[in-house]
Structure formats: C-alpha cells, structure tokens
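*Asks:* Fold the following for me, if possible:
(one chain, ligands or ions: 2)
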Amino acid sequence: MKILIVGSGGREHALGWKLAQSPLVSELISAPGNPGLAELGRTVAIKADDARELAGFAMREQVGLVVIGPEVAAAAGLADSLAQVGVPCFGPSQAAAELESSKAFMKDFCGRHGIPTAGYKVFDDAIRAKAYLGDREPPFVIKADGLAGGKGVVIAETRRDADAAIDEILFLRKFGTAGQRIVIEDFLPGEEASFFALCDGDTAIPLIAAQDHKRAYDGDKGPNTGGMGAYSPAPVFTDKVRDQTMERIILPTLRGMKEEGRPFIGVLFAGLMITPDEPKLIEFNVRFGDPECQTLMRRLRSDLAPVLLAAAKGELALAPALEWDERPAVTVVYAAQGYPDDPLTGSVIRGLGEANAVQDVVVFHAGTRQDEDGTLRAAGGRVLNVTATGETLKDAVAKAYAAVNQIDWPGGFCRRDIAWRALAK
Ligand code: AMP
Ligand code: GLY
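*Replies:* Ligands and ions are numbered 1, 2, ... in the order given. Next up is the predicted model:
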C-alpha cells in the first residue's frame, strides 16, 4: 500500500524511516516532508494543516494509510476529512484532538473521569487570575489554553513573573487566540516521563517510555523548548508505573472519550510527573513526542505499518505484540543558534554523510532545506536529530556525540548533557 505521512519534522522522518522498511509499503509519500523524507520517497507540497487538499490528494492517489504527525493536522480536522473520502487514517478526529488543543477541555475531562492530574482553574480575566494567585505559594504554573508549539507554559517563581505571564497571554495575546483563556495549575514536583499508547478507539497498546529535555541549555537551564534531546528507556518509568499509567490514565481516557462521542484513534502521549504515590498527568498530546518518537523508532523491532493500519481500522485487539530492542536509544537535537526565541535560518550544514557513517547512528532531518546544488541549510529551530543505539545508554550517548562532532555547522548548537539524569543513576 501507499502510505502518506503528514508533517515535516524529525518525528515524521523517523516514522518514514521505519515505515519504509515495511514489506507492506509500496510507496512512501510525505506532505510537505523534508530533505530526509525526500530520500525515502515522494514529497508533495501540501501543508500539514490543509485538510481538504490532503484528503483530495490521498483519495486520488489511492493511499492505503495516512499517518498524522503534528497536532496541527489533527486539530485542522484531517482525520475527519479522510473519513469522508474513505481513506484509513492513523490520527485523531478534530474533536478527539481537543485533548491537546484545549488544555481547559483536557483538565475538565480529567475531572469528569477521575484521572489524576494537578489541581487547576481556568480564567479569561486577568484581574481574577491574579486575585486567585493572591493566597497561593510559588512556583505558579500558567498555561495558554490552546496550541502554542510547546511554548505556552510558564513556571513562575515570583508573583511578579506570574502576573507578567498572565498579562502577556491574556492582554498582549502573545499566543494569539490560543491565549483567550489560561489555565493556572498546582505545581507538581517530581521527575517527568513521556509515555505513549497506540489507540483504536477501544483498545490501547502501550509503547515504551522516553524522557526528554525541555530546557534549551545544559543542566536543564534556559527557556522551555519542544525538546532538546530524548532517551529511552526511562529509568523512572518502572513496570509498576507503566501499569498504573495504563489503568488510571490511558484506559479511563479511552473509555471516557468514547462515552463522550469522541473516540480516540492514534497515539495518545501522556506527559507524566512521576510522584512518589502515583504518576500524574501533566498534559496529553495526540501525537508522537518529538524527539521522543525518534528514539522509539530506533528501538522498535516490529513492522510498524500493520499496527498503525490496525489502529486506523479499529482492529488493534487482533494485532501481534510489539517487539522492542533491549538496547537503549538516544536523540540529540541539533538546533539553530537563537532557538527557541529567534532561530537563525539559512546557514550551511556539512558533514551529514560522516555523521551517518558512525556505527549505530541515524541522523534525522527536522528543519532543513536543500538548494538545487545539494547544499543543505537550516530552515527551522530544531534542525537535525542525531540518534544512536548502544549496548548501554552511556555507549549510545557516546556514539551520538561522536556523530555530532562530525557535523560541520557553525550556525547550530546542541546540549552536551543529554541523558544526564539517567546516566547519574
Ligand atoms: P506542558 O506543555 O503542559 O507539557 O508543560 C511544559 C512543561 O512545563 C512540562 O513538561 C513540565 O516540565 C512543566 N509543567 C507543566 N505543568 C506543570 C505542573 N503542573 N507542575 C510542574 N511542572 C509543570
Ligand atoms: N517533546 C515533547 C513534545 O513533543 O511535546
């Protein structure tokens, strides 16, 4: 069958890299794709949030399965448009995507279904929001309600910073209409993990967990980003935590979404805080994590194509168990100077061939473009994802940085301490 991958980042390149290995896949198409995906198949210049164009294309091309990468495509109603033209889709409907696209919906949903998460309150009025903070202790957690590319969350240590964040979101509309409402949450202490489950509306299959590094600079300092690196397995995510997460978070969510007429199909990504008594939900995403997905794809042994197709068709209960490589995997994100606030684009990148030649290394493209003469340039914030597997996590990390050192890109930077928490254990 033909598979269409929607999106253009490192997550999509990793999914494409894995799916291209499947004997079931006759052609891999990506929209809009990137230079890495272009090495695996055709790319078509349709934007990820152009649901009508994408559905029309998929129908004309007789695509057998569409795989939705980014949340914007799901929130734009791509799965709904594909359902209308009868093309199987791995990814949630617009209504189901609200688990990610509205934090207020997600928090209220957790309340209705008893899913453990931080206490919260929703505001559309800055004065009331500030008054609410009046008798509370820092740190204050302030979130824009809608999609803000992973940047809509502020953890403020002082009242002054919290008030400034409230004003920036509600008055100055830093995140546009995504900031018409804010959610103020209780602060949860603990270590974070990202957990993923494949869902077909009724059945959920747990994948493995990963941990990412959200802050831009070494030592987990600097501004929050979409993720500067990831590793899997996640030592905090024990089998017990996995079982608790499935029982208390994933399965009640799947049941609740079905009851509310929004059955969830796709990958449910639970951002968790591992607290001493139980895992608590920080957020849901309705897609694979980026860069967590890249480490997952490096560890997945089974063929991904039939499982995603089974999920799309509501047949996950019949799918064979997934097999994983025991060996750890790590992803180092190579970002453009200035990321996340103001990434410098256009700089020339050399040495990818040498980096890819390092044993057990695969470099995924996340934000690149290619000139006609083949010159590779930065075209986004997070630009390359250097992934490696190893006998141990330490070994995987060493290989990833050996490959990073082969890349000649003065316009980029990366963290040098990815996986430090796990290595310290
Ligand atoms: P989110 O986009 O909701 O995942 O938030 C981004 C990051 O902010 C998370 O990965 C956490 O590091 C942090 N965060 C969000 N909510 C909380 C909370 N209630 N308590 C502590 N940290 C949080
Ligand atoms: N790396 C976190 C995310 O994809 O949201």
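*Asks:* which one is the residue positioned nearest the centre of the chain nearest to, not counting chain neighbours?
*Replies:* For the chain, the residue nearest the mean C-alpha position is residue 289 (2.0 Å; Cα atoms, centre = their mean). Leaving aside its chain neighbours, residue 289 sits nearest to residue 194 (4.8 Å; criterion: Cβ to Cβ, 6 or more residues apart in numbering). C-beta coordinates here come from the backbone N, C-alpha and C atoms, glycine included.
*Asks:* looking at this, that neighbour is in a strand?
*Replies:* Yes: assignment of residue 194 by DSSP: H, G, I helix; E, B strand; the rest coil places it within a strand.
*Asks:* mind listing what it touches?
*Replies:* Counting by Cβ atoms under 8 Å, 6 or more residues apart in numbering, residue 194 makes contact with 209-212, 230, 234, 269-272, 289, 292.
*Asks:* Tell me the one among those nearest to residue 55.
*Replies:* Set against residue 55, the nearest of the contacts of residue 194 by Cβ to Cβ is residue 269 (24.1 Å).
*Asks:* For the residue nearest to that closest one when sequence neighbours are not counted, give me phi and psi.
*Replies:* Spatially, and ignoring its direct neighbours in sequence, residue 269 is nearest to residue 285 (3.9 Å; Cβ to Cβ, 6+ apart). Phi and psi for residue 285, reported as degrees, to the nearest 10, are phi -120, psi 150.
*Asks:* Likewise for the one 5 residues further on?
*Replies:* Dihedral angles of residue 290 (phi, psi; degrees, to the nearest 10) stand at phi -130, psi 110.
*Asks:* re the thing from before, these two touch, right, the residue nearest to the centre of the chain and residue 208?
*Replies:* No: using Cβ atoms under 8 Å as the test, residue 289 is too far from residue 208 to be in contact (11.8 Å).
*Asks:* between the two, what contacts are shared?
*Replies:* In contact with both residue 289 and residue 208: residue 196, using Cβ under 8 Å, 6+ apart.
*Asks:* per-residue confidence at residue 277?
*Replies:* We note a pLDDT of 87 for residue 277 in this prediction.
*Asks:* Over to the one 10 residues further on?
*Replies:* According to the per-residue confidence, residue 287 scores 97 in pLDDT.
*Asks:* give me the number of residues near it?
*Replies:* Here the count is done by other Cβ atoms under 10 Å, and residue 287 has 24 residues near it.
*Asks:* give the contact list for residue 77.
*Replies:* Contact analysis of residue 77 by Cβ under 8 Å, 6+ apart lists 51, 93-94.
*Asks:* now swap in residue 10 and tell me
*Replies:* Residue 10 touches 290-291, 293-294, 331, 333, 364-366, 382, 384-385, counting by Cβ under 8 Å, 6+ apart.
*Asks:* Could you find the closest non-adjacent residue to residue 1?
*Replies:* Nearest one to residue 1, counting by Cβ to Cβ, 6+ apart, is residue 64 at 2.8 Å.
*Asks:* which strands and helices sit next to whichever strand or helix holds residue 332?
*Replies:* For residue 332, the host element (DSSP states H and E) is strand 329-336. Strand 329-336 sits against strand 229-232, helix 292-299, strand 382-389, helix 393-404, strand 412-413, with contacts defined as 3 or more Cβ pairs under 8 Å, 6 or more residues apart in numbering; DSSP states H and E.
*Asks:* could you dump the ones you listed to TSV with mean pLDDT and distance to residue 132?
*Replies:* What follows is the helices and strands packed on strand 329-336, written out as TSV (pLDDT from 0 to 100; distance: least, Cβ to Cβ, whole Å):
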stretch	mean pLDDT	distance to residue 132
strand 229-232	98	34
helix 292-299	98	33
strand 382-389	98	35
helix 393-404	98	42
strand 412-413	98	38
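*Asks:* Mind putting the ones you listed into TSV with distance to ligand 2 and mean neighbour count?
*Replies:* Putting the helices and strands packed on strand 329-336 into TSV (distance: least, Cβ to the nearest ligand atom, whole Å; neighbours: other Cβ atoms under 10 Å) gives the following:
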stretch	distance to ligand 2	mean neighbour count
strand 229-232	7	29
helix 292-299	6	28
strand 382-389	10	28
helix 393-404	17	21
strand 412-413	18	20
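*Asks:* In TSV: the ones you listed, plus distance to residue 75.
*Replies:* Conversion of these to TSV gives the following (distance: least, Cβ to Cβ, whole Å):
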stretch	distance to residue 75
strand 229-232	23
helix 292-299	18
strand 382-389	20
helix 393-404	32
strand 412-413	30
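*Asks:* Spell out which residues of this structure are next to ligand 1.
*Replies:* Within the chain, the residues that sit near ligand 1 (Cβ under 6 Å from any ligand atom) are 118, 141, 143, 150, 153, 155, 185, 187-188, 192, 214, 224, 271, 282-283.
*Asks:* So which of these reach ligand 2?
*Replies:* residue 150.
*Asks:* Using neighbour counts, trim the residues of the chain next to ligand 1 to the buried set.
*Replies:* 118, 141, 143, 150, 153, 155, 185, 188, 192, 214, 271, 282-283 (16 or more other Cβ atoms under 10 Å).
*Asks:* Which of the three states applies to whichever residue of the stretch 1-150 of the chain sits closest to ligand 2?
*Replies:* In the stretch 1-150 of the chain, the residue that lies nearest ligand 2 is residue 150 (5.3 Å; Cβ to the nearest ligand atom). Look at residue 150: counting by three-state DSSP, its state is coil.
*Asks:* what sits against it?
*Replies:* Going by Cβ under 8 Å, 6+ apart, residue 150 touches 214, 224-227.
*Asks:* Identify the farthest-apart pair in the residues you listed.
*Replies:* 224 and 227 (9.5 Å).
*Asks:* shared neighbours of those two, which are they?
*Replies:* 150, 214.
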